[in-house]
Each structure stands twice: as structure tokens, then as C-alpha cells.
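Asker: quick check, what structure comes out for this input:
(chains A and B)
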Amino acid sequence: MNKKRLLLAEDDELLASLLNFRLIKGGYDVQISRDGREVKEHLAQQIPDIIVSDIMMPYFSGMELIAYVRKELNSQVPIIIISSAGNEENVLNAFELGANDFIPKPVSPSELLVRVARELNKT
Amino acid sequence: MILYKSTYNLLAITAPKIHTDLLWDLSFLFIGLSVIYFSLVFIHKKRLKARLEKIKLRKNELAPMISEFLFYEDDASKEDKTHYLNLKVEIRDLIKNSFNRKVLSDVLLDLRKDLSGDTQKRLFGLYQDLDLHKDAFKKLKSWRWEVVSKAIQDLTKMQVSEAYGFITKFINDKRSTIRKQAEIATVTLKYEGINYFLDSTKYKISEWQQLKLLDVIRNQKDYNPPSFSAWLTSSNNHVVLFALRLIKFYHQNNANASLVELLKHKNSNIKLEAIACIKEFHVQEAMDTLKLIFWKSSTDLKIAILDAIGDLGIEDDIAFLELIDKKVSNFAVKSKAISAINAISPERMLPTKDIVDASRNIIPDDLPMEIETVQDDISEGDTEEKTVSEDRNSDISNKQEKLKSKPEVEPDVTVFDAPKLSVKPEEALEMQKEEREQQIPKTVEDIAIEYEEVLVEIDIERTEKQEPATVSTVNLDFLPIVMSKSTGVEEKIYQDFKTDLSVVNELVVSYEVERSHEQDNSEPINEFKEDELAYSHHQLTIEDIAFLPIVVENNSLAEESVNNSSKSQRSDALSITVLFEEVSASSDKYLAANLNMNTFERYNTPEILALKTTYEEVAVPHSKPEDILNFEVIDPVFLSVLVKEMKDEPMNVQFNTNTTKTKTDVEMTPQDEARFKKIINSIIHLESKEHNEDHNHTSKESSLTPSDNDIDITFIPIVEEVRNKEPNPSEDVPNNEESKVISSTKLKIPNAIISDQIVDTPYFIEDNSEESTMQLLDDLDEMGDEREIPLLNEMLVNVKYKTVSARIEKLIQRFKIVEEKVSPIIKSTKDIQLKPFNVFEDLFRVCDPESKLILLDEVAIVGDVGDISFLEDLLDDENKLIREKSEQVLIELKTNLGLSSEEKLDAMRENKSQTFKPVSKNVKDAQVYTSLMEELEIETTQPSSGLFDVAFDLEFSDDLQENSKNQPKKPNQDSIMNQICSFSSKIINKFNG
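Answerer: Sure thing, here's the model as predicted:
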């Protein structure tokens, strides 16, 4: 059975490591990107099945990532946004740009797994 | 080059020599120090970087381990369980190192904020499983507040409930940071923490802290809040306030009685919170208390109370709110009261601002459109400029208009009310309203009885002519104040005048205009009412109407008022020159020439012309037309009543009545002349006094001085005839005293009653008249003494009148008697011999007994005749030792001086006194000196001892001065220094006998 490829864009190493551990344990093939440039590199190489990204990242924000994927890459890959800046404006902007889901911090890894699975099931 | 060297001194600008070795040493030193500094910075930075790297590496190592622990499941496979156990062993080895423990704590704390749900709980469990909380407990014992605070914060974040007991100790810590952290920790760690906190806290709970605590409490899951009403009785006001907020937050409406009681709390914040709770829980029983505390509350509280009353109130409470609307001046409170009324009873208070009574608006057909436009503009402009309070006044006036517009209360007779002076607009409106209400039910007959017959005459006259009531169409600005006699407004205005205006010649004008029945429904009524309203809006000041004469209905009132005024403001009134001008439209040609009568034609309505006014008359002399406004003339007729009044009150003014003619020439009646002479006599009396005091004073200056005398003379009529009249010798007949007084036209008369021309005449008094001589004698009698006898003798020779000569003789006799009485006293004082100066006596006053005894020994040695009397005085001294010693010294001194008998002693004293006579160069000088001293009544000094003989010359003789110029200066033997220098030699001489 092929594992679903998941791109995790998170600048917080601890959280990225924790989520990575949980997502791997959940059966996903996880690639971790620390900043926007790494995300672009990964996307240039291969488009994952699903993207889990933080909004606040160096070089390349989560919003730019959504716009890049949707407009430049013209991809409809599911994108789940994780952010502590969970105000209404950010959420609405994310959904307008093409995000599929929004998870506010603090994140429950179990909840993330469920949401990822749901988005993948949609596709 | 040579020139250059010679011009500039190179040495002067050469820099100081410094050893180059020293410079090098210093350079190396600073370079070394900078190298050390930068090396240290570099090393420290590298260490920090290495540490951060180490921490990062450690975190990367620990992160998977933590993840393993966090996401370990019991149903894991055997391999996983083995791996889990190995990790546990590994991590326990790691945390033995403090650095690793610290890193692990930081990692867990960082992850805590990013994780939620079950993972977070596992994280808290891991923290305690690894005994990391014990590190925090250790930190609680630190003396550093930041360490303690951080430890409490960590324990709170990681939900270490074991720490509750340790942290509650810090609730009343002196350090506010620790205390606040402990408060949050107490409330966070256990549900009952809030109870403990509210029970035990003694310190202030800040607003921010209350918010944080409330945030902690409301985020607690499954939290069952206690009944916070238990803390409404706390002695800590902040606890009570926080409890009230918690009660409101958790809707605990089981403390209504406490809430009502807290309305009476001193703290306004507690009151506000209690009101909020009462409003929230609809505590009806708080209404009475709310009303009670309203009047003594602050504005914020009043608004809150009114808000609560608006929510809780019923119809019965509207009266209270209406009372607030009337009584309270604060705009916000008023507005809130009105909104509360409308909240209880909607639509009860209708909008009043800028609302015009449209029912009364009648569009006049004959008026041009432009006028209406202008009026509208004016009204709009006025509206914009009005303040809120004025708007409220307009509201009240609108209400009054509504009242007036009722047909059944429209009065038949319109009474012009005078604008209230110094009365607030609201009060004035209230008074007007009351007056109007009182006047409304009155019939025409009732009002007619109250007012004077003159008013009825106006009405009759107008009725006969069948003219419409034009009073309302006339611009009434020029009119004096008109008021009802029965109201107290007149009295109030008059009191204001009495207190504010420093005028004496007040004429209170009081008249009314009565309108007949025929004009009741005429159109100008509306206009008049509008004018009246305009009056009510305009608060007149005294200055606004100061130009108006004040006329009273009868003279008695005027007299009384002026009397009161003059008594109360005597000082002001006395300095005022009272001059009156006639106000009535006379036929005087100069007035007619200068005044444009056409401008007043519109005021010449029958009503106004028929008005009965009371005024005084002013005599206008015939002079140049340009001087008509500068004259200073007093009506002689006024004099006829003046003298009578002067007896009681000098400023009493009796106004002439019913005089319409302008009198330019004066003819005195015999009675007036007699009174006039009396006044002139008083002036003479006054002037004679002034003349004696200061001959240089002019009459103008003296007349400017406010005094009672000025008052008397201000009423003297001075007419050009009298002023220009030359003294007639024929009138100086001794028996004809009256004519003599009148003839003395050159007497000084104060400026207040004479024109400048008279003042300019030289000040001169002819003393030839008997009157003036008698006046002078009066003054001499009053102020003179025996030194005036030669003058009196001279006057006695020249005097013509028998009465005067008799008076002079009496005065001479009186002064002589006084002289005889005084001369012996003067002689006796001249005979008094002053006690001669004695140096020992002088020293004796300040010495103690021991010193006195020593001094007496000295007296025995160096004393002389002058000291004997001093020693004799000491024989009566209080101190026995001094008495004995002085007796002994006296005997010794007498023995030394060889004096055995009193006669010899007296002879010695006499000789001694002769030696102290002033030294003169010749007899003539001595005589002059003696006479001078006698004249000055100065006693020559009496030296006591030859030891201090100092011969003082009052003047140097010419010979001596010449000698001193020609010869070289020698030490002056008579100088004080020489006397002092010779003191020791004299003592030695005395010793040697």
C-alpha cells in the first residue's frame, strides 16, 4: 500500500518533529520543510498528496504558498493551514486563496491526523 | 625669514615635549586592552553560540524521545514497548545532568503551548514523571523574585497541583510580581483556589489582575463556581468588588439584600458594580435605596442609578425622575433622567429642542418676504450659537408659550414685565411663569385697581381716539424698566441698583401700559409676545440699563431709597457731583438745534406722551450753544427744599415734580436767600479752616477732597448773575448781615458747584468784613495760643466793629491766662538739674556683686568729689556687703580728698561744675552760646570727675584756624585719644597723691 505523501511546512523544529512523529506513526510519508524556500524546492521536485503548512514561515508565508500552489503550480492538492494567528481575517484569506482546512494552535496531533485523512478522502 | 623669526616667537607656539616612549607605551596599552576586550566578546559570543548549538542538538535528541513518550500507546507492540522502556532509561540518565534537565524542561514548556488535547495531558504527566517539577519547588525557595516567579509560572503551566500548597503561601507576598503570579496559580491549580484567594488576600486586586483571574476561572472546565455573595462582606473592598463582578458573571442572583446594602457603600466602584448587578438581576426592592443615594452621588453614579431606574422603574417613579429633570443642572444627568422617563413610559417626554409651535405661526399677508427671510436667518443663527443650557431654556419658554396659547387663560390686559436684573435665566423664567399664572385669572378691574389712575387715563385716551394698541409695535428698547407694583421684582431690581450702582440721583421709572379689550385679538399681540420672549432670553445687566433714569411713583419712595443709598454708600456718594439735566422734550432752542427730533417722533405716541413720569429739573443757563452740554448749574428751586434736608442728611435730595419749563434765570425768594446765606457762612467757615491749614492750596484742589463739607456746598446755586457780580461796598453795612454774605463773591467756592471760570479767579479773601474777621477769630479761639497775642493786639487796633473788638479782647484775655498758667511750669522744668554722669555708676548697673566690690575699691583709689554722691546712694543698696563697702569707701574717699564738712564738699562741687562750663574764646561767644542753650532749653553737661575732663568747643575761633594752618600740626591734647592715653598717668599721679 502506497503511503500518502505529506509535506509539512513548519519552522518550529520541536513541533515539526512531534507532528512528524505522529504523522509517520499515522501512516504518512512526511517531508518537513523549515522555510518557504525548502517548500518551493520540494514542490519543484514533486507535488505531495497533501500539504500541512504553518502561516508564519521565513521567506515564504503560508498564504504565499497557497497562492503559489493554486496559481503558479495550478494544483488542487489539499492544503491544511496551521496557525496560532487564528483570527478571522487570516482564516478567510486562507480559504479564499484555496486552503482546504484551518487548524488553530495549539494543535492536537490526533485531530490533525483526522483532518488530514478527511481531506485525502475527499480527493 | 629673519623678519618671520622676529615677528613670531617660535618658542611660544612649540608643543610641549612628550616622550615618544610614553606614547608608544600608551598606544600598546590601549591596543592590548582593545584586543582583550574584543577577544572576550568573541569568546563569549562563541560560547553562547556553542551553548545554543548544544541546546539545539539536545532538543533534537530529546524531541523524538519526547514524541515517543507522548504518543506511546498501551496497545503498542512488544518491540515498541521495549523501545519505550529503553528510552525511559536513557532519558533518566540524561536528566541526571542539570543542563539536560533544563533543556528538557524548556522543551516541554515550549511544546505545551503548541499542543492541546490528550497530547498536552501526556506532556504534563511526563513533566511530573521526570521529576522536573521538583526543580521548580527548589526555585520557590530562592530569594530572587524573578526566580520564584518563574518557578510558580512553570508549575502553573505544567498543572502541577502538588505545588498548590507551596504557592498559596505567596498570595500575600510583599513582592507584587510573586503575589500576582501566586494568585493566578492558586486559582488555576485547584477549583477551590478562588475561595482561598478571596478569603485570604489582603492586598489590592488590580483591574488587570481581576480580568486575568476571571479569564482563568472561565476557562476552567467543569468548574462549579461557589456563591460569591459570601465575599460581599469582606473587609477588603477589592475582594467585594471582584466578588460583585463574579456574581454578575455567573448570574448569582441570591444576594439581593447584600446588593441593596452595597448601594450605600462609600466606594463608588462598588456602588457602580452593585447597581450593575441590581440592573442585571432586576432587583426591584433596590428602588428606594437608589432614590435615596441619588442626590449625594457623583455624576457617573447618578447616570448609573438613572439607568437602573429606567430599567426597573414603574409609573410611580416618574415623579422622581421629573424632579431630577427640574432640579439637576447637569446636562448628562438631565438627559439620562428624561431617557429613563421615556424608558418607563415611552413617548412621555417628547422632543423639545428646536421645536417651534407651529400652531401659533400665522403667516402675515402684508409683510414682505424679505423680512421673513431675515428673521429666519437670525433665528437660525441664534439657534446655532445657543448652548445646550440655552436650548433647555428655550424648551421651557416653549412650554410657556404653550401655556399662553391656551385660549381660556389669555389675559385681557397685558402687563409689560421688566427684565429681571442679575437673575439667572431659569429663575427669571420661573418667576415670569409664576407671575403670569397669578395674573391670568385676574380680571381687568382687578388689575386696574392695582395700577395707577394714569394708566387708566392712557387707556381712555386711546379709546377715545379709536387708535389700535400700537405699543406692541413700538420698539421698547428706549423705555425705562416697567414692572408691576405688586410683584417683588421691582424691589429686587432696586436692591441690585442700590448695591451695584454708585449713583445718588436714581430715578426709578415705574409705569405700566394697559391695553384695552378691543385689541385683544389684534395681530400685534403675537409680536408683542415674541418681544417679550426675547426679553426673557436676554439677561440684562445693570450696565445695559445704566443709562436709564429710575423713576418711582411717589417721591417718598425716592427719598427713602436715596437716603438708604446714601447711608450705605456714603463714602462713594460724597465724592460725586450731583448734577441734573432735564429729560423732558423742552422747547429750548439749543436742545432743539442739537437734537434731531425726528428720530424720536416714533416715540411720540399718545400713550408715551401721556405717561406720567417723575423727574427733576435742571436749570440751563443761557450760554453758547456749544457749551450747552458742559454746563454745571444747580436749580435754585431745588435749594428751597435742600436746606431743610441738610439738617438731617446732607445728601438728601428732594426732587421737584411737575416741572416742565427750563428755567435759565434765577430769582431767589427771601427765604431762599436766607438759606443761601447760611450755606455761604458754612463755606466761609470751611474755607477759613482750609486757609489756616494750607495757604498754598487752591480752591480747586480742596474741593476735590471728599468730605462732608463738599456735600453741603454742592447744593449751592451759582448763577451767572451772582458770579459776575462785583462786591458792593454799600452792602457791607454792619447791621445788614445778609447782604454782606451775598456780597462776598470772591470767597472760595468748591469746584463742585461753580464753573471753571470761577475757579480760575485768584484765591483771595478780603478780611475787612466782620464775618471773615469773626471767622478768623473763631479759628484762633479754637487753635491758637498765647503766641497769637501780638496778632490779636494788632487786629484790635485796626478793627472797625465793636463785636469783633470785644471778641479780640476776650481772646487776648484768655490767652494771657493760659500763658500765666504755663510759664511757671516751663520755669520749673528749666530749673531741673540733671544728675551728672558718673562712670562708676554706669558700670555698677551691669556688674555682679563681686565686681561691684572690686569697683568700689577702685573708687576709693581714683574717686573724687563727683563720686561722693554716688557712694552716698549706695549706702541704701540692698546688698549688705555693698552698703558696708560703700560706707568704708566713702570715708576713705573723703579722707583722701581732705573733706570733713558738708560745706567744703558743696564748695568743691560748685567749683567742679564751673570747670565744666563751655569753653569760649571770648565773652561774646559765651553769651551767644548761653543764650542759644537757654533758648533751646538744653542743659549743659555736668562732668563728674576731673579724670574724664574733656573740654568741648562748639566752634573754632578764627585765630586757632589760622594758627593751625600756619604751624605744623601737634597732637591735640584735648582729643579723646590723648585723654585715654593720659588716663594711666593720671592714675599714677593719684597714687602718688
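Asker: assign a three-state SS to the closest residue in space to B:Ile194 that isn't next to it in sequence, would you?
Answerer: Once flanking residues are discounted, B:Ile194 sits nearest to B:Val187: 5.0 Å by C-beta to C-beta, 6 or more residues apart in numbering or on different chains. Every residue, glycine included, has its C-beta placed from N, CA and C. Reduced to three states with DSSP: H, G, I helix; E, B strand; the rest coil, the structure at B:Val187 is helix.
Asker: what about B:Val187, distance to B:Ile178?
Answerer: B:Val187 sits 15 Å away from B:Ile178, taking C-beta to C-beta, to the nearest Å as the criterion.
Asker: for B:Gln120, give me phi and psi.
Answerer: phi -60, psi -40 (degrees, to the nearest 10).
Asker: near chain A, which residues of the stretch 51-200 of chain B show up?
Answerer: When proximity is defined by C-beta under 8 Å from any C-beta of the partner chain, the stretch 51-200 of chain B lies next to chain A at B:56, B:59-60, B:63-64, B:66-68, B:70-71, B:107, B:110-120.
Asker: list the contacts of the residue of the stretch 101-250 of chain B found nearest chain A.
Answerer: Among the residues of the stretch 101-250 of chain B, B:Gly117 lies nearest to chain A; the distance is 3.4 Å by C-beta to the nearest C-beta. The neighbours of B:Gly117, taking C-beta atoms under 8 Å, 6 or more residues apart in numbering or on different chains as the test, are A:108, A:110-111.
Asker: if you set the cut-off to 6 Å instead, what comes out?
Answerer: Contacts were defined as C-beta atoms under 6 Å, 6 or more residues apart in numbering or on different chains; by that measure B:Gly117 touches A:Ser108.
Asker: could you measure the residue nearest the centre of chain A against chain B, distance?
Answerer: With distances taken as C-alpha atoms, centre = their mean, the residue of chain A nearest its centroid is A:Val52 (1.4 Å). Summarising the geometry, the distance separating A:Val52 from chain B, computed by C-beta to the nearest C-beta, to the nearest Å, is 14 Å.
Asker: can you give me the helices for chain A?
Answerer: A:13-25, A:36-45, A:62-67, A:88-97, A:109-122 (DSSP state H).
Asker: can I get these in CSV with mean neighbour count and mean pLDDT?
Answerer: As requested, those are arranged in CSV below (neighbours: other C-beta atoms under 10 Å in any protein chain shown; pLDDT from 0 to 100):
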stretch, mean neighbour count, mean pLDDT
helix A:13-25, 21, 90
helix A:36-45, 16, 90
helix A:62-67, 21, 91
helix A:88-97, 14, 89
helix A:109-122, 16, 92
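Asker: between those helices, which gets nearest to A:Pro78?
Answerer: helix A:109-122 (3.9 Å; C-beta to C-beta).
Asker: for the closest one, packing partners?
Answerer: Here helix A:109-122 is seen to pack against strand A:50-54 when contacts are counted using 3 or more C-beta pairs under 6 Å, 6 or more residues apart in numbering or on different chains; DSSP states H and E.
Asker: run a quick neighbour tally on B:Leu791.
Answerer: If you count neighbours by other C-beta atoms under 10 Å in any protein chain shown, B:Leu791 ends up with 15.
Asker: read off the pLDDT value for it.
Answerer: The predicted structure scores B:Leu791 at 85 on the pLDDT scale.
Asker: same question for B:Leu403.
Answerer: Among the per-residue scores, B:Leu403 shows a pLDDT of 43.
Asker: returning to that earlier point: can you redo the helices of chain A as a markdown table with distance to B:Gln775?
Answerer: As requested, the helices of chain A are arranged in a markdown table below (distance: least, C-beta to C-beta, whole Å):
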| stretch | distance to B:Gln775 |
| --- | --- |
| helix A:13-25 | 121 |
| helix A:36-45 | 121 |
| helix A:62-67 | 116 |
| helix A:88-97 | 107 |
| helix A:109-122 | 124 |
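Asker: run through the stretch 151-300 of chain B and note the low-pLDDT ranges.
Answerer: Low-confidence segments of the stretch 151-300 of chain B, defined by pLDDT under 70, are absent.
Asker: buried ones among the residues of the stretch 51-200 of chain B next to chain A?
Answerer: A residue is treated as buried here by neighbour count (16 or more other C-beta atoms under 10 Å in any protein chain shown); on that basis the buried members of these are B:59, B:63, B:66-68, B:70-71, B:107, B:111-112, B:114-116, B:119-120.
Asker: which of those residues sits closest to A:Ser84?
Answerer: Distance to A:Ser84 across those (C-beta to C-beta) is lowest for B:Asp114, with 8.0 Å.
Asker: so how far is A:Ile82 from the closest one?
Answerer: 9 Å.
Asker: wait, doesn't B:Ala304 sit right on B:Leu272?
Answerer: Yes. Distance between B:Ala304 and B:Leu272: 5.5 Å, which falls inside the contact criterion (C-beta atoms under 6 Å).
Asker: interface residues of chain A facing chain B?
Answerer: Applying the criterion C-beta under 6 Å from any C-beta of the partner chain, the portion of chain A that neighbours chain B consists of A:14-15, A:17-18, A:21-22, A:105-106, A:108-109.
Asker: change it to 10 Å
Answerer: Applying the criterion C-beta under 10 Å from any C-beta of the partner chain, the portion of chain A that neighbours chain B consists of A:10, A:12-22, A:24-26, A:82, A:84, A:104-111.
Asker: pretty sure the residue nearest to B:Ile194 contacts B:Gln220?
Answerer: Yes. B:Val187 sits in contact with B:Gln220 when judged by C-beta atoms under 10 Å, with a separation of 8.5 Å.
Asker: just the ones of the residues of the stretch 51-200 of chain B next to chain A in helices?
Answerer: Where these overlap with helices, as defined by DSSP H, the overlap consists of B:56, B:59-60, B:63-64, B:66-68, B:70, B:107, B:110-114, B:118-120.
Asker: I'd say A:Pro58 and A:Arg37 touch.
Answerer: Yes. Counting by C-beta under 10 Å, A:Pro58 sits close enough to A:Arg37 to count as a contact (8.1 Å).
Asker: run through who's touching stretch B:207-219.
Answerer: With C-beta atoms under 10 Å, 6 or more residues apart in numbering or on different chains as the contact definition, stretch B:207-219 has outside contacts at B:156, B:176, B:179-180, B:183-189, B:191, B:193-194, B:197-198, B:203, B:205-206, B:223, B:225, B:238, B:241-242, B:245-246, B:249-250, B:269.
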